[in-house]
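Colleague: what would the 3D arrangement of this be:
(2 chains)
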2 protein chains.
Amino acid sequence: MKTTFKDSELREFTRNTFLAMGCSPSHADLATDVLISADLRGIDSHGVARLSGYVRLWEAGRINPAPDIKIVHETLSTAVVDGDAGLGLVVAPRAMEIAIEKAKKVGSGWVSVKNSNHFGIAGYHTLMAVEQEMVGIAMTNASPLVAPTFATERMLGTNPIAVAIPTHDQPPFVADLATTTAANGKLEILQRTGAEAPEGWVQTQEGNKSVDPNELKKGGALLPLGGDRTHGSHKGYALGSIVDIFSAVFSGANYGPWAPPFVSFLPLPEDPVGEGLGHFLGAMRIDAFRPADEFKNHMDNWIARFRSTAPIDEQQRVLIPGDPEREMEAVRRKSGIPLNTNVVSDLMEIEKKLGVKLG
Amino acid sequence: MKTTFKDSELREFTRNTFLAMGCSPSHADLATDVLISADLRGIDSHGVARLSGYVRLWEAGRINPAPDIKIVHETLSTAVVDGDAGLGLVVAPRAMEIAIEKAKKVGSGWVSVKNSNHFGIAGYHTLMAVEQEMVGIAMTNASPLVAPTFATERMLGTNPIAVAIPTHDQPPFVADLATTTAANGKLEILQRTGAEAPEGWVQTQEGNKSVDPNELKKGGALLPLGGDRTHGSHKGYALGSIVDIFSAVFSGANYGPWAPPFVSFLPLPEDPVGEGLGHFLGAMRIDAFRPADEFKNHMDNWIARFRSTAPIDEQQRVLIPGDPEREMEAVRRKSGIPLNTNVVSDLMEIEKKLGVKLG
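Modeller: Modelled structure (predicted):
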C-alpha cells in the first residue's frame, strides 16, 4: 500500500472529494488548501485524516456543501456570521475576510461565527491576516472531550487559540495551541504504537489518573492545560472556557457540552442552545498601533533575541512559535506527506464511495 | 503586632501614602482601589504587600506621581497610550476607559500602553468593562522571571491574561491567570512556611528540576504554564510571548528580557528597546454581537451548566473563574485582611518615611 503522497496528489484528491460533495470550485479549493496545509505543517490529525469525517457528516446531512454565509449582526469593528451549516474550512476564512475588511476601515475587526463545523487548523486562518500586515487571531469550540478541574464530565473541546504576528525578515510568529495538555492527535499516535501516555494528559471516567491513550473511548476525558490543580489546570480550563464563550455565546452557536460532535455516529444533543459549532476570528492592523516598519523591525528583534536565549542543552535551542511547523513543511514539500495506513484505507473508501481517484 | 486590618484602614493608609508621593486625590483613590481590591480578593502578592515597592520605585525616580497620560497614535478602534512613567495602577484604568469609549462608538476598543509600571491585578481593569455591558480583556508584561521551554535564561514575566464577561443573575465570569504554572506569590507563601514547591513550578539556574521555593533568588526561573515540554510548557511560553508582544511591541514599551524590574535595587537594562512596561487592554460591547439580554441569559445558562458539572468528589464542586476570589472577598470584607508580618513591617517603614499613619 502506498502511504507517502506528494502534496499535489492529496490536493487533487481532496479537491475532487469536495467537488463530489457539491462544493463550488472556489470552496473546494479553499477547503483543500486548509486541509493540506495541516498535513504539510505536520498537524496530521487535522489534515486529510479528517476528510472521511467531513464526508460522513455530509452524508448525515450535517454539512451544507453550498452554504449562504452571511453577516447577521454587525458594528464597524464586529460581526456575527451565520455559516449556514457549511464546512468550517470555508466559513472561517470568509469570517476572517470580514474581520480583515473591518480592520482596514477602523483598525481592528472581530467576527464570531455560529452554525459552522470543524474549521481545520486555527493557524491557517490567522496567516490570512498576516498577509495583510495584521495580527490574526482564531479560536473555535469543538466536541466536548475535556473535563474541567475537579470534574469527571466532558464539558469543553480542545478549544484552540491561534495568534499570528507579522515580521520583516524573520518568518512570522505563529502560535496555534489546544488549551489542553495534549491535543487528541497526540493520543492517536500513541494508540497506534501501543505506547503509554504521560501522566497529566487524560483521566479515567471516575476522574483518576491514567496513562492509557485509549481512555477517551472508555468514557475518560482529556485534561486542561496544566494537567491538575497544582500545576494550573484551572488556567487551562479558564482559557478553554473563554474560547467557548467568544466562539459560541457571542455568536449563538452551541457551547460547552452542547457543542456538536465531529463524528457522525454520535447523535446531536437533543436540546441545542444554539446553531452548530462556533468560531471567533480577529484581525488588528499593526499600523493601527505604530508605523508598520517600526513594528516589524521590533518583531524581528524580538524573535532574534528569543532565538538566542541561553539553552539548557546546546543541541536543543529555544524555538519560536511556528518553527516546528515551518521546518516540517520544508521537509514534506520535498519528500511528500506520510499517511497512516488507516488514513489511506479511509481515503480508498472515499474513492469507492464518490468515484474520485487517489494518486 | 496587629496583623489583621479592616479594608477601610488599609485603604486610608494606602491613599495617604500615594498622596504623600505626590499623586492627585483622584489618582490616589484609584490606585488605592486597585491595590485593596487585590487584598480583598485574596491575591495577597498584588495588594498592599506591593506598596513599599511602589514607594521605592518612586524614590528611585522611576515612577512619576503626576503623569500626563496621553494617546500617541489611534484609529477608531485602537490606540497607543503613553503612560508618562505613571503608576500602572492609574495608567491602566485610563487606558481601559479609552478602550471603552472606542467600543461605545465602533463596537470594540483595543489599547496598547507604553511607559507604564506594574498595574496591580489584571482582573480589576477587566471589571471596568463589565460595568458597561462589555467583555473586558487585560494583559501586561512584567519583570523577566520565566524561562522559555528548553531555556535557562529568564526572558518573560508571569505575563497575566484576564478576561471578564457580563452576566445577568449570575456573578460575572472573571478569569485572571499568570501564564506560568504558578505565580510568584505562591512561591513566596512557601518560602515563609519553609515548605517545598511542587515539581514543575521552578527550575535551577542550570535548568534542572527543583522543589526549592527560593530557586529564583539563586538564579533559577519560573516555568511557563504546562511545566515541561511533555505537559505543554511550549503553550505557556507561547501565551506569555503573545502577552509580551501585544503589551510592548504594539506600544513601544520594553519587551522580553528588557522589561524593567519591579524591584528598585535591580538596575534598569542599559540598552532599552522601548519605554517602561507595557499593557494591553480591550473592551468589546456584548450588543456588538447580539442583543445584550440574549447574551447575558446564555452566559447565565453557561455558568449554571458548568457549575452543575459532575464532580470527581461531591465535596469539591466545579468552580467558575472568579468564584474563589468572590468568596474570599465576602469573608475579608467582614473579618478583615490578614497581612504577613513582613508586610506589616514594610508598612511601618512607610509610616516613618512618609509620616502617614496605619490603623
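Colleague: do the biggest helix by length in chain A and chain B meet at all?
Modeller: Counting residues, the longest helix found in chain A (DSSP state H) is helix A:88-106. Yes. For helix A:88-106, a contact with chain B is found by C-beta under 8 Å from any C-beta of the partner chain, at A:105, A:106. C-beta coordinates here come from the backbone N, C-alpha and C atoms, glycine included.
Colleague: need the contact list for residue A:67.
Modeller: Each residue near residue A:67 by C-beta atoms under 8 Å, 6 or more residues apart in numbering or on different chains is listed here: A:83, A:84, A:85, A:86, A:87, A:90, A:91.
Colleague: also residue A:284?
Modeller: Going by C-beta under 8 Å, 6+ apart, residue A:284 touches A:103, A:107, A:108, A:129, A:134, A:135, A:137, B:78, B:110.
Colleague: can I see the domain layout of chain A?
Modeller: Structural domains annotated on chain A: A:1-66+A:338-359, A:67-181+A:223-307, as defined by automatic domain parsing.
Colleague: tell me which of those sits nearest to residue B:18.
Modeller: Of all these, domain A:67-181+A:223-307 sits nearest to residue B:18, with 30.1 Å by C-beta to C-beta.
Colleague: ends of that closest one, how far apart?
Modeller: Start-to-end span of domain A:67-181+A:223-307 (C-alpha to C-alpha, to the nearest Å) is 44 Å.
Colleague: try stretch A:64-75
Modeller: Span of stretch A:64-75 from end to end, C-alpha to C-alpha: 27 Å.
Colleague: ok, which stretches of chain A are strands?
Modeller: A:4-5, A:70-74, A:78-82, A:108-116, A:134-140, A:161-165, A:173-177, A:202-203, A:209-210, A:221-222, A:277-285, A:337-338 (DSSP state E).
Colleague: strands paired with the fourth one, and their directions?
Modeller: Strands flanking strand A:108-116 in the sheet, each with its direction: strand A:78-82 (parallel), strand A:277-285 (antiparallel) (DSSP bridges).
Colleague: residue A:193: how many residues sit nearby?
Modeller: 8 (other C-beta atoms under 10 Å in any protein chain shown).
Colleague: ok, back up a step: what's the longest helix of chain A packed up against?
Modeller: Judged by 3 or more C-beta pairs under 8 Å, 6 or more residues apart in numbering or on different chains; DSSP states H and E, helix A:88-106 is in contact with helix A:25-40, strand A:78-82, strand A:108-116, helix A:122-130, strand A:134-140, strand A:277-285.
Colleague: so which of these gets nearest residue B:180?
Modeller: For residue B:180, the closest of those is strand A:134-140, at 21.7 Å, according to C-beta to C-beta.
Colleague: what angle do the helix or strand bottoming out on mean pLDDT in chain A and helix A:25-40 make?
Modeller: Least confident element among the helices and strands of chain A, by mean pLDDT, DSSP states H and E: helix A:184-193 (a mean of 85). In terms of direction (axes from the mean of the first three to the mean of the last three C-alpha atoms, to 10 degrees), helix A:184-193 departs from helix A:25-40 by 60 degrees.
Colleague: list the buried residues of helix A:184-193.
Modeller: Within helix A:184-193, the residues that count as buried by 16 or more other C-beta atoms under 10 Å in any protein chain shown are A:184, A:185, A:186, A:187, A:188, A:190.
Colleague: mind putting these into a markdown table with distance to chain B?
Modeller: Below are the buried residues of helix A:184-193 laid out as a markdown table (distance: C-beta to the nearest C-beta, whole Å):
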| residue | distance to chain B |
| --- | --- |
| A:184 | 14 |
| A:185 | 14 |
| A:186 | 10 |
| A:187 | 13 |
| A:188 | 17 |
| A:190 | 12 |
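Colleague: now do the same end-to-end measure for stretch A:326-342.
Modeller: Terminal residues of stretch A:326-342 lie 26 Å apart, using C-alpha to C-alpha.
Colleague: possible to save the strands of chain A as TSV with mean pLDDT?
Modeller: As requested, those are exported to TSV (pLDDT from 0 to 100):
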stretch	mean pLDDT
strand A:4-5	97
strand A:70-74	98
strand A:78-82	98
strand A:108-116	99
strand A:134-140	98
strand A:161-165	98
strand A:173-177	98
strand A:202-203	97
strand A:209-210	96
strand A:221-222	97
strand A:277-285	98
strand A:337-338	98
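Colleague: how long is stretch A:245-264 end to end?
Modeller: With C-alpha to C-alpha, one end of stretch A:245-264 sits 24 Å from the other.
Colleague: so how far is it from its chain's centroid?
Modeller: Its chain's average C-alpha position is 14 Å from that of stretch A:245-264, according to C-alpha atoms, centre = their mean, to the nearest Å.
Colleague: before we move on, what about stretch A:76-86?
Modeller: 18 Å.
Colleague: same check, this time on stretch A:23-34
Modeller: Centre-to-centre, stretch A:23-34 and its host chain are 17 Å apart (C-alpha atoms, centre = their mean).
Colleague: in that stretch, what counts as buried?
Modeller: A:23, A:27, A:28, A:29, A:30, A:31, A:32, A:33, A:34.
Colleague: ok, now which ones touch residue A:268?
Modeller: A:62, A:260, A:261.
Colleague: for residue B:297, see how far away it is.
Modeller: The gap separating residue A:268 from residue B:297 is 22 Å, by C-beta to C-beta, to the nearest Å.
Colleague: right, is stretch A:236-255 up against chain B?
Modeller: Yes. Stretch A:236-255 reaches chain B (C-beta under 8 Å from any C-beta) through A:236-239, A:241-242, A:244-246, A:249-252, A:255.
Colleague: tell me how far that stretch lies from the chain's centre.
Modeller: 15 Å.
Colleague: quick one, helices of the stretch 151-300 of chain A?
Modeller: A:184-193, A:233-244, A:292-307 (DSSP state H, counting those that start in this stretch).
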